[in-house]
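model the structure of this input:
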Amino acid sequence: AKLAESGPDLTCSNIARVHAFNILRLIILDAPLASQVGPVIGDCLVSAIMGYSDDTWAVRNSATMVFSAAMLRVVDSDKNANQKDKACGNAITALEFFRQYSFLRNFFLTILQPMVPSDTNKKNDPRHSPLILVLLLLARIQPIRKSGSETTMYTDSFIPHIIQSLSHNDHKVRVIAARALANLATTSDSNNKTSYIDSLLEVCANRASSTELEWNANH
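Prediction:
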C-alpha cells in the first residue's frame, strides 16, 4: 500500500510502481497462493484504488488490473459481460466482506465523502476518481437481503453518499451508483427500506421543484 501511495514525481518511481502492481496481480491470480493471499486482499484493494487516481496512465492501468484481479479472487469470481447487471450467485455477501476486511468500511467512506461533492461539479475526466472503483465493488457484492439485517450496520453509512453520487456528471458513474444503491438498499427490514425510499423520493421532489437546469442531477 505504501508503494501505491508514493508520488508520481520521478519516472523511475512510476516504473517501479507499475512493476510492483503487475507482480501483485500475478500473485493474486496464482491459485496455489489463494489461501495465503486471501487475508491481504483488502490491502491489495486499497493499493489499487489509490493507484487508480494517479496522473500517469501506466500506473492507473496496472492498478486497474490489480483491482480486477482482487475482485475476481474475493468478490465475484464469475463476473462476465452477461452478468454485468447483477451480482452472480457466487459473489461474496456484504456481511462476509466487511467482517473479513473491516478496515475497508472506513477507507471507502474516506473515498466517498470528499469525492462525491467535488466530482459532481468537476469538469475534468471523473473516471480517474477512485469513487468509481468503490461504487463498482459495492455493486458487485450480493444484495444485503441475502445476508440479513445485521449487514446494515456496515453499509448504512454508504447510502447518503451513493444517493449523492446519482447526480455525478459522468453517466457511467451514475449507472454504477444506481446498481450499488440497489444492492445496499434492498433489505428485508421494512424500516430501513422505507427510510431509503423516503430519502430517494425527497431527492426527486427537490429536483422536480428546482429551477436550476442541472441535467446530470435531474437524470
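
could you use CA atoms for every contact and neighbour count after this?
Noted.

residues contacting L184?
Contacts for L184 (Cα atoms under 8 Å, 6 or more residues apart in numbering) come out as 138, 143-144, 155-156, 159.

try F97
Counting by Cα under 8 Å, 6+ apart, F97 makes contact with V75.

kindly report the same for the one 3 residues further on.
Residues near Q100 by Cα under 8 Å, 6+ apart: P39.

now it. Its backbone dihedrals?
Main-chain dihedrals, Q100, degrees, to the nearest 10: phi -80, psi -40.

mind listing what's buried along stretch 150-170?
151-152, 154-155, 158-159, 161-170 (16 or more other Cα atoms under 10 Å).

per-residue confidence averaged over it?
Mean pLDDT, stretch 150-170: 84.

could you do stretch 109-117 as well?
Taken as a whole, stretch 109-117 has an average pLDDT of 73.

and what of stretch 25-37?
Stretch 25-37 comes out at a mean pLDDT of 90.

contacts for it?
41, 65-66, 69-70, 73.

keep only those of the buried residues of stretch 150-170 that are in helices.
152, 154-155, 159, 161-165 (DSSP state H).

any chance of the residues you listed in TSV, plus distance to L184?
Output for those, formatted as TSV (distance: Cα to Cα, whole Å):
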residue	distance to L184
T152	8
Y154	10
T155	7
I159	7
H161	12
I162	10
I163	11
Q164	14
S165	14
